[in-house]
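[1] Give me coordinates for this.
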Amino acid sequence: MLPSITFTCLLTLLAGTPQSLALPLNTRNNAPSWQNACPAAVDGLISGIKINILAQQGERNATEALQAIEAKNPVDMTAFAAGKAVLVNDIMFGMTIRRYNQVIALRFME
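    Below is the predicted model:
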């Protein structure tokens with residue numbers, strides 16, 4: 001599991017007003033102008049991406065651990081249930097991080 005302080009910082013960034021996270025658009029091709037982006041928003045998205053990568057690594061590790069449990073004969077159902085709970089928790093955490101990253105990215109487009 002990732003440190004809660006990092007997750008808290010990401011949530012704090014998301015609590016900002018859309019205006020504070022808005023990214024000016026380049027009028028020539030209506031593309032985001034990253035050079036003029038709010039530094040906190042850019043840093044928040046960068047942090048969110050890094051947290052997502054760690055979350056995906058956790059999901060992969062939990063999946064591999066669960067596969068190792070399933071490969072044993074007989075399967076230890078207590079270990080399987082515990083491993084499954086870890087995997088589900090990691091997946092839910094990853095989904096939450098990806099949802100927040102999408103919110104930050106969409107605010108860039110406002």
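[2] pretty sure residue 94 contacts residue 59?
    Yes - Residue 94 is within contact range of residue 59, at 5.6 Å (criterion: Cβ atoms under 8 Å). From N, CA and C alone the C-beta is placed, and that goes for glycine too.
[3] Mean pLDDT per helix and strand in this protein: which one sits at the bottom?
    The helix or strand of the chain with the poorest confidence is helix 18-21; it has a mean of 37 (mean pLDDT, DSSP states H and E).
[4] ok, residue 103 - how many residues close by?
    Number of residues near residue 103 (other Cβ atoms under 10 Å) recorded here: 16.
[5] do you know how far it is from residue 96?
    Between residue 103 and residue 96 the distance, using Cβ to Cβ, to the nearest Å, works out to 11 Å.
[6] What ranges does the protein have for its helices?
    With DSSP state H as the criterion, the chain has helices at 4-14, 18-21, 39-71, 77-108.
[7] now this structure, which segments are flagged as low pLDDT?
    The model of the chain has pLDDT under 70 over residues 1-38, 108-110.
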